[in-house]
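Enquirer: Got a predicted structure plus its sequence, pasted below:
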Amino acid sequence: MCQKLPFPDESFDAAYSVESLCYAPDLAEVYREIKRVLKPGAPFTFHDFAMTEKFDTGVPEHRRIRNWIEFGNGIARMLWVPDMRAGVKKAGQCLPLLNPSRHPFYD
């Protein structure tokens with residue numbers, strides 16, 4: 001369950017998040033709460049751990065890197081970029097397509 005932010009509706013001109021969404025049990029709840037406190041049309045940007053469709057569970061090196069990131073950052077299960085996009089859609093928000101990463105399988 002997402003904790004309600006202690007701010008009135010439409011309080012902020014912009015918002016950002018750095019490496020924190022990966023710990024949320026329900027991304028849609030988080031996105032809905034962010035949307036609630038943002039003024040209409042205000043931007044939200046984030047940087048987070050997430051795997052792209054380039055990740056291949058059949059490649060040992062991919063699994064090793066994913067496990068290293070999860071263990072080193074206390075992440076129970078690293079999210080997939082499509083899961084993050086689905087959370088945005090479920091929350092009723094629009095999010096531009098994420099830029100492709102230069103990394104092998106994560107943004």
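Expert: Sure, I can see it. Numbers count the residues shown, from 1 in each chain.
Enquirer: how far away is residue 51 from residue 66?
Expert: Look at residue 51 and residue 66: by CB to CB, to the nearest Å, they are 7 Å apart. The way it works is simple: take the backbone N, C-alpha and C, and place the C-beta from them, glycine included.
Enquirer: So those two - more neighbours on which side?
Expert: Each of residue 51 and residue 66 has its neighbours counted (other CB atoms under 10 Å); residue 51 has more, 24 against 19.
Enquirer: mind checking pLDDT for that one?
Expert: According to the predicted model, the pLDDT of residue 51 comes to 89.
Enquirer: tell me the phi and psi of it?
Expert: Dihedral pair for residue 51: phi -100, psi 140, per degrees, to the nearest 10.
Enquirer: do the same with the one 4 residues further on
Expert: The phi and psi values for residue 55, taken as degrees, to the nearest 10, are phi -70, psi 130.
Enquirer: Would you map the strands across this protein?
Expert: 15-18, 44-47, 50-51, 79-80 (DSSP state E).
Enquirer: any idea how far residue 26 is from residue 63?
Expert: If you go by CB to CB, the gap between residue 26 and residue 63 works out to 26 Å.
Enquirer: Kindly report the same for residue 6.
Expert: Separation of residue 6 from residue 63 (CB to CB) stands at 40 Å.
Enquirer: Compare the two (neighbour count), which wins?
Expert: Comparing residue 6 with residue 63 by other CB under 10 Å, the one with more neighbours is residue 63, at 13 against 7.
Enquirer: if I pick the more buried one, what's in contact with it?
Expert: Shown here is residue 63, whose contacts under the criterion CB atoms under 8 Å, 6 or more residues apart in numbering are residue 57.
Enquirer: How many residues are close by residue 60?
Expert: Around residue 60 there are 9 other residues, counting by other CB under 10 Å.
Enquirer: Check it and give its pLDDT.
Expert: pLDDT at residue 60 comes out at 96.
Enquirer: gap between it and residue 67?
Expert: Using CB to CB, one obtains 10 Å as the distance from residue 60 to residue 67.
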